[in-house]
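Chemist: Just to be clear, the model below is a prediction. Sequence and coordinates:
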Amino acid sequence: MKFNTKTIHGGQGHDKAYGAVMPPIYQTSTYAQSTPGGHKGFEYSRTHNPTRQALEKSFASIENGNYGLAFASGLAAIDAVLKLLNPGDEVISTNDLYGGSYRLFTKVYEKFGIKFHFIGMENAGNIEQYITAKTKLIWVETPTNPMMNIIDIKACSDIAKKHSVLLAVDNTFATPYLQQPLDLGADIVMHSATKYLGGHSDVIMGALVVNDKDLAERLSFIQNASGAVPGPQDSFLVLRGIKTLHVRMQRHCENGEVIANYLNGHPKIEKVYWPGFTSHPNHNIAKTQMKDFGGMVSFVTKGNNYDEAIKIVEKLKVFTLAESLGGVESLAGHPASMTHASIPKEEREKTGVVDSLIRLSVGIEDVDDLISDLKQAIG
C-alpha cells in the first residue's frame, strides 16, 4: 500500500458492529466484563480505547512502523521516552531544538540525574566524541526548530547502532509524508500530532512509533502507568486529519517554496532558512532523506532589529501571530519571545535564534494572498 492510500486506509477496518466507515468515537471510560478479567479486549480507557487504537494503528502505518502510541501532547510523548532512562544516564541532543523539549530536558530531567549534551549535529561525526558508556539516547530534530538545520538520520543511526544507543527522531516538521526515520535506522519516531498530523489547529496530541516489540512494550507500560493519554474525541480528530495529510503537505510544500523564494529576494531580509535552497547547509542530505522541503520557513531582517521583527509580525493579517504550526492556516511566530523563550538568550543566539528571527508556518491558502500579506507587513 502506497503512502497516499495509507493515510486513508492504513491500519484501519470498518466498524464491526454496524459497518461504520469512520471509526466511532467510543466516549467511555470503562467496559462491561462477563466475569472478572473476561472482556472483549478493552477494560479501561486509560489502557486501551477503540478510537485511540485505530489512531495508533494509523500512526504505525504512515511511519512504516510496527507499533504506534498516542499521548496527550507531544511533550507527553517525549516524557515517555525519557522515562526509559535511569539516573546517571546521558543524552546527546541537537543544540537547535524546540524550546519545550529543551525545558523538559533541563528543568525536569536534569534534576533526576540525567545529563544532556546539546551539540551541533549538522556533521553527524560530532556525535561520537560525546558518547560514553553512560550514553543511552541520541535525540534528533530534522529539520530543526526553528533554524531548519538538516541532520543526516542514516549517519546518526550508524553511530547509534555502533554504540548500542537508542536513536529518537522528532519528525514533526517533516511528517511521514516527507521522511520516514524508521526506514533510515531510527529506533523511535516522535510527533507533535498537534501540528501537521492533526492539521487543523483544533487538538493537542503526541505520537511515538517504533518497530521493536520490546521497546513498544516498555513504552506502552509507561503510557498506561503514567496515564498521559488522549481522549477518544481528540483521537478521532487526529485520525480524520491524517486522512488529508498527503494533499495538505503537497500544498504546504508548494506554498513554502514560493514564500521562501520571495523572502530570499526581498531587500529588507538578511537571511532565509529553508532546506530547499541549494545554499542551505546539508541541502543534499535533505534531498536524499526528504521527499520535498516542507512548509516551514524562518528569516532574519537586516540589522537584527528586535523592534522591526515585532512590528512585522504585528502587522500581518492573513498570517496569524500565534504559537504552533502545521495547520491549514498560515501562522507567524517570534521564537525568541514565544516558542524558544525558555532557552537562555546566550544559548539561543549560539544556534542563530536571534531577536529578529521570524518563523513562518506556511499554510494552504492562495499563495498570492500570502505574498501580499508579507509585502504589506515588511514594506
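Modeler: Now that the structure is in, tell me what you want to look at.
Chemist: Show me what Leu321 bridges to in the sheet.
Modeler: Leu321 has these beta-bridge partners by DSSP bridges: Ala332.
Chemist: Can you tell me how far it is from Lys136?
Modeler: 39 Å (CB to CB, to the nearest Å). Every residue, glycine included, has its C-beta placed from N, CA and C.
Chemist: Just the helices from this structure, written as ranges.
Modeler: For the chain, helices defined by DSSP state H occupy the ranges 3-9, 50-62, 74-82, 99-103, 153-162, 175-178, 213-226, 232-242, 245-264, 283-289, 306-315, 345-350, 367-378.
Chemist: Give me the helices and strands touching the last one, please.
Modeler: In terms of contacts (3 or more CB pairs under 8 Å, 6 or more residues apart in numbering; DSSP states H and E), helix 367-378 is packed against helix 245-264, helix 306-315.
Chemist: Pick the most deeply packed of these.
Modeler: Mean neighbour counts were taken over the helices and strands packed on helix 367-378 using mean count of other CB atoms under 10 Å, and the top value, a mean of 20, falls to helix 245-264.
Chemist: Report all helices and strands that that one contacts.
Modeler: Secondary elements touching helix 245-264 (3+ CB pairs under 8 Å, 6+ apart): helix 3-9, helix 175-178, strand 269-273, strand 296-301, helix 367-378.
Chemist: which one of the ones you listed lies closest to Thr142?
Modeler: helix 175-178 (10.4 Å; CB to CB).
Chemist: Would you mind measuring from the residue lying closest to Ala377 once chain neighbours are set aside to Ile358?
Modeler: What sits nearest to Ala377 in space, not counting adjacent residues and going by CB to CB, 6 or more residues apart in numbering, is Lys315, at 4.1 Å. From Lys315 across to Ile358, the span is 12 Å (CB to CB).
Chemist: And Leu370, by the same measure?
Modeler: Between Leu370 and Ile358 the distance, using CB to CB, works out to 14 Å.
Chemist: swap in Lys83?
Modeler: From Lys83 across to Ile358, the span is 35 Å (CB to CB).
Chemist: For the two, indicate the residue with more neighbours.
Modeler: With neighbours defined as other CB atoms under 10 Å, Lys83 and Ile358 compare such that Ile358 has more, 27 against 17.
Chemist: Report the contact partners of that one.
Modeler: 298-301, 309, 312-313, 332-334 (CB atoms under 8 Å, 6 or more residues apart in numbering).
Chemist: which of those residues lies closest to Gln233?
Modeler: Gln233 has its nearest neighbour among the contacts of Ile358 in Gly333, at 27.1 Å by CB to CB.
Chemist: Domain boundaries for this protein, per the record?
Modeler: Under the assignment automatic domain parsing, the domains of the chain span 3-242, 245-378.
Chemist: Can I get these in a markdown table including mean pLDDT?
Modeler: Compiled in a markdown table, these are given as follows (pLDDT from 0 to 100):
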| stretch | mean pLDDT |
| --- | --- |
| domain 3-242 | 97 |
| domain 245-378 | 95 |
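Chemist: And stretch 227-244, what's buried?
Modeler: 228-232, 234-243 (16 or more other CB atoms under 10 Å).
Chemist: Could you identify the most distant pair in the residues you listed?
Modeler: Across the buried residues of stretch 227-244, no pair lies farther apart than Ala228 and Lys243, at 25.0 Å, counting by CB to CB.
Chemist: rewinding a little: mind checking which of the helices and strands packed on helix 367-378 is nearest Arg348?
Modeler: Ranked by CB to CB, the member of these that lies closest to Arg348 is helix 306-315, at 12.6 Å.
Chemist: now that closest one and strand 296-301, what's the angle there?
Modeler: Our comparison of helix 306-315 with strand 296-301, counting by axes from the mean of the first three to the mean of the last three CA atoms, to 10 degrees, yields an angle of 130 degrees.
Chemist: neighbouring contacts of helix 306-315?
Modeler: Counting by CB under 8 Å, 6+ apart, 301, 319, 321, 332-334, 336, 355-358, 376-378 sit against helix 306-315.
Chemist: Apply 10 Å and report the result again.
Modeler: Helix 306-315 is touched from outside by 268, 299-302, 305, 319-322, 332-338, 354-360, 373-374, 376-379, with contacts defined as CB atoms under 10 Å, 6 or more residues apart in numbering.
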